[in-house]
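Student: sequence unknown, structure follows:
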């Protein structure tokens with residue numbers, strides 16, 4: 001039993017865990033360990049803070065594990081899962097995946113799915129690709145669960161989280177739609193409007209980021225807000241107001257975006273760190289302030305916008321909201337460009353890249369790259385700005401993410417081409433940015449793209465009449481949206 005318990009734990013096992021799984025008295029356990037070390041079947045690899053042992057030969061471990069009868073193996077895996085959770089209350093998020101694996105081997109499907117969900121929730125902040133793997137494990141296992149509200153809630157939670165991580169790391173949109181339909185069915189089976197709201201908001205993120213389908217994303221986020229309001233949960237409503245704000249400013253509904261951001265900020269005033277629906281955003285309040293800042297800048301109030309950015313950065317740093325902090329550089333650079341200020345690449349832009357790399361999601365990496373390209377261009381380093389914008393566009397195509405910012409990346413590349421003596425190429429790239437805005441319904445970046453074409457045309461000394469027509473189109477969009485912050489650029 002002793003060797004069997006050790007083999008179930010793994011190639012390596014610690015003394016405290018083995019004691020619980022083998023259910024052997026401490027004195028007897030110590031004697032058995034000493035004899036196995038003497039026989040050179042196991043070796044002590046660590047002494048402090050707890051003794052750790054390992055099988056000397058993989059074959060010994062595999063043979064011992066293989067000789068176990070299935071019922072006995074399942075029982076020992078069950079004990080291991082319970083013991084790991086009990087021994088690691090402080091590190092519970094970190095060990096959740098290991099607990100889940102033992103429950104899965106014990107064929108306790110509901111418990112395994114519950115622990116995989118816990119592991120995925122922890123990994124969303126630390127390792128988003130791993131979170132995807134754990135959530136997909138749930139979707140494979142939960143088909144073996146019985147029908148009923150409890151299991152439907154688990155199914156809906158897994159799919160809502162999968163959609164939420166999906167827009168962060170980049171995912172196949174058809175697959176995300178399939179996951180969404182499964183999640184909606186499960187949420188309705190559980191009669192859970194909160195999970196319905198998270199699923200709708202997260203699919204909205206997926207369609208915006210994977211395909212640039214801004215109108216569809218806006219409709220989904222509006223539905224998500226309605227579902228959240230049915231729950232009466234103010235923090236969930238705050239999260240959905242922030243989602244609505246984000247989708248609204250891209251389509252040029254700046255007043256709606258400002259109203260939604262202000263609603264999210266007001267709802268979180270007394271509970272700034274309460275992030276119900278946190279699978280959608282790491283920090284509801286942080287995102288709402290970022291949206292508020294960029295809308296204020298577009299409306300021509302860059303002074304207040306910069307104050308919002310500064311205060312928000314302090315809040316995010318104080319509370320360790322690193323995923324949201326990545327985007328501060330994007331919003332700051334965008335607001336400064338609207339302000340006509342001289343930009344300088346700073347350590348913060350490079351810090352954003354480092355944080356994005358550690359979190360692992362393509363979404364953050366792209367945001368950091370595009371922000372750095374804006375800063376480099378504003379600092380008078382067009383060659384490096386062009387290279388960074390091209391890196392961003394290449395990653396965008398590779399992972400199918402952050403499509404809503406494609407016009408900005410192309411506009412930066414166009415300006416960099418013009419600044420390095422290639423205005424004709426700059427015109428072509430600016431035209432691609434305009435076309436992208438048209439296809440997406442992206443009215444926020446339309447005036448910038450129009451200005452980019454005109455600047456390149458002046459540099460090339462050609463198509464000036466057409467450039468004037470395109471500028472007129474940009475001014476028309478400004479007049480319709482109220483984005484007078486773009487007028488100096490035009």
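Tutor: Okay, I see it. Predicted model only: the values in this text are computed from it and were never measured. Residues are numbered from 1 along each chain as shown.
Student: quick one, strands of the chain?
Tutor: Applying DSSP state E to the chain gives strands spanning 12-14, 42-46, 52-55.
Student: any idea which of those is most buried?
Tutor: Of the strands of the chain, the one with the most neighbours on average (mean count of other C-beta atoms under 10 Å) is strand 52-55, at a mean of 20. All C-beta spots, glycine's among them, are computed from the backbone N, C-alpha and C.
Student: That one - contacts with which helices or strands?
Tutor: Packing contacts for strand 52-55, counted by 3 or more C-beta pairs under 8 Å, 6 or more residues apart in numbering; DSSP states H and E, involve helix 2-9, strand 12-14, helix 15-22, helix 26-38, strand 42-46.
Student: Okay, angle between the third one and helix 2-9 too, please.
Tutor: Between helix 15-22 and helix 2-9, the angle formed by their directions is 110 degrees, by axes from the mean of the first three to the mean of the last three C-alpha atoms, to 10 degrees.
Student: what do you get for the longest one?
Tutor: With the same axes, to 10 degrees applied, the angle from helix 26-38 to helix 2-9 works out at 80 degrees.
Student: Which residues does helix 26-38 contact?
Tutor: Helix 26-38 is contacted from outside by 2-3, 15, 18-19, 22, 24, 42-44, 51, 53, using C-beta atoms under 8 Å, 6 or more residues apart in numbering.
Student: any idea how far the residue positioned nearest the centre of the chain is from residue 326?
Tutor: When C-alpha atoms, centre = their mean is applied to the chain, the residue found nearest the centroid is residue 168 (3.3 Å). Distance of residue 168 to residue 326, given as C-beta to C-beta, to the nearest Å: 11 Å.
Student: ok, residue 125 to residue 364 distance?
Tutor: As judged by C-beta to C-beta, residue 125 and residue 364 stand 12 Å apart.
Student: And the two? Which one has more around it.
Tutor: Taking neighbours as other C-beta atoms under 10 Å, residue 125 and residue 364 compare with residue 364 leading, 28 against 16.
Student: Was I right to think the more buried one contacts residue 324?
Tutor: No - Residue 364 is not in contact with residue 324 according to C-beta atoms under 8 Å; the separation is 9.5 Å.
Student: Run through the residues that contact the closest residue to residue 251 other than its chain neighbours.
Tutor: Nearest residue to residue 251 in three dimensions, chain neighbours excluded: residue 214, at 5.0 Å (C-beta to C-beta, 6 or more residues apart in numbering). The contact partners of residue 214, by C-beta under 8 Å, 6+ apart, come to 208, 247, 250-251, 404, 440-442.
Student: Export the residues you listed to JSON lines and append columns for neighbour count and pLDDT.
Tutor: Listed next are these as JSON lines, based on neighbours: other C-beta atoms under 10 Å; pLDDT from 0 to 100:
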{"residue": "208", "neighbour count": "27", "pLDDT": "95"}
{"residue": "247", "neighbour count": "29", "pLDDT": "95"}
{"residue": "250", "neighbour count": "25", "pLDDT": "95"}
{"residue": "251", "neighbour count": "21", "pLDDT": "96"}
{"residue": "404", "neighbour count": "24", "pLDDT": "94"}
{"residue": "440", "neighbour count": "24", "pLDDT": "96"}
{"residue": "441", "neighbour count": "17", "pLDDT": "96"}
{"residue": "442", "neighbour count": "25", "pLDDT": "96"}
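Student: what sits in contact with each of residue 125 and residue 364?
Tutor: Taking C-beta under 8 Å, 6+ apart as the criterion, residue 125 and residue 364 both touch residue 323.
Student: so where's the protein uncertain?
Tutor: Residues of the chain that meet the criterion pLDDT under 70 lie in 1, 276-279, 341-350, 352-353, 356, 358-360.
Student: one more time with 80, if that's ok
Tutor: 1-2, 60, 125-126, 275-279, 338-362, 488-490 (pLDDT under 80).
Student: circling back to that earlier point, from the helices and strands packed on strand 52-55, which stretch is densest packed?
Tutor: Ranked by mean neighbour count under mean count of other C-beta under 10 Å, the helices and strands packed on strand 52-55 are led by helix 2-9, which reaches a mean of 22.
Student: Go ahead and name everything in contact with that helix.
Tutor: Residues from elsewhere that reach helix 2-9 (C-beta under 8 Å, 6+ apart): 13, 17-18, 21-22, 24, 29, 32, 36, 41-42, 53, 55, 61, 64-65, 67-68, 72-73, 76-77, 79-80, 102, 105.
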